[in-house]
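*Asks:* structure of the sequence below:
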Amino acid sequence: MAAPGPGEYFSVGSHVSCLTCLGQRVQGEVVAFDYQSKMLTLKCASSSGKPNLNDVILINLAYVSDVDIINDRTETPPPLASLNVSKLANRARTEKEDKLSQAYAISAGVSVEGQQLFQTIHKTIKDCKWQEKNIIVMDDVVISPPYQAENCKGKEGSALSHVRKIVEKHFRDVESQKSMQRSQAQQTQKDSTLSS
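*Replies:* Modelled structure (predicted):
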């Protein structure tokens with residue numbers, strides 16, 4: 001493939017405006033450009049409206065009818081921020097352990113309710129794991145099926161009390177959500193009956 005000619009590449013830091021084949025105008029700062037695949041990455045204002053956030057959009061230039069360079073950056077772009085590799089490795093390891101834990105629960109035949117409760121507890125207390133069909137929290141509390149507050153066993157104290165509160169709140173929230181879904185379903189059925 002020949003080297004790109006003038007206007008066939010985009011410098012990092014340049015501001016461009018693209019008109020897609022759907023008639024949508026996208027404007028932003030060039031973050032990356034791959035000449036071979038004709039993929040352009042733009043950093044744009046946040047669609048949420050929050051000033052400290054940005055949207056990153058990948059644009060396939062094969063589907064763009066017009067590109068205007070608003071401000072071409074000719075100087076060398078600033079160096080990339082360094083990555084904390086150990087932090088990324090820890091996060092990847094943690095995610096892998098979480099996924100393996102979920103897979104273990106499914107293969108052990110744990111009920112959906114038990115899996116959901118485990119996820120709820122894990123959001124608050126990271127030190128929880130499966131032991132067959134039981135949830136072990138902080139090596140102090142064991143929650144056995146059917147995973148209700150009365151199924152929490154362990155040495156009486158703050159840990160057991162705290163876990164019981166999490167379990168009770170989880171099931172209150174689940175019941176509240178089911179009630180809301182039932183009332184929405186009834187309202188939808190009522191609306192469809194009235195419109196018939």
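
*Asks:* just the buried residues of the strand of greatest length in the chain, please?
*Replies:* For the chain, the longest strand by residue count, based on DSSP state E, is strand 25-34. Buried positions in strand 25-34, judged by neighbour count with 16 or more other C-beta atoms under 10 Å: 26, 28-31, 33. C-beta: built from backbone N, CA, C; applies to glycine.

*Asks:* between these, which sits nearest residue 183?
*Replies:* Using C-beta to C-beta, residue 26 comes nearest to residue 183 of the buried residues of strand 25-34, at 41.3 Å.

*Asks:* now the closest one, nearest residue through space, not along the chain?
*Replies:* Using C-beta to C-beta, 6 or more residues apart in numbering and skipping the chain neighbours, the partner closest in space to residue 26 is residue 18 (4.9 Å).

*Asks:* residue contacts, that neighbour?
*Replies:* 25-27, 40, 42, 59, 61, 64, 66-68 (C-beta atoms under 8 Å, 6 or more residues apart in numbering).

*Asks:* let's see the helix or strand it falls within as CSV, backbone CA atoms only.
*Replies:* Using DSSP states H and E, residue 18 falls within strand 15-20. Taking Å, rounded to 0.1, in the frame of the first residue of the first chain, the C-alpha atoms of strand 15-20 are listed here in CSV:
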residue,chain,number,x,y,z
HIS,A,15,-10.1,18.9,15.3
VAL,A,16,-12.2,17.5,12.6
SER,A,17,-15.9,17.5,11.5
CYS,A,18,-17.3,14.4,9.7
LEU,A,19,-20.6,14.0,7.9
THR,A,20,-21.7,10.4,8.0
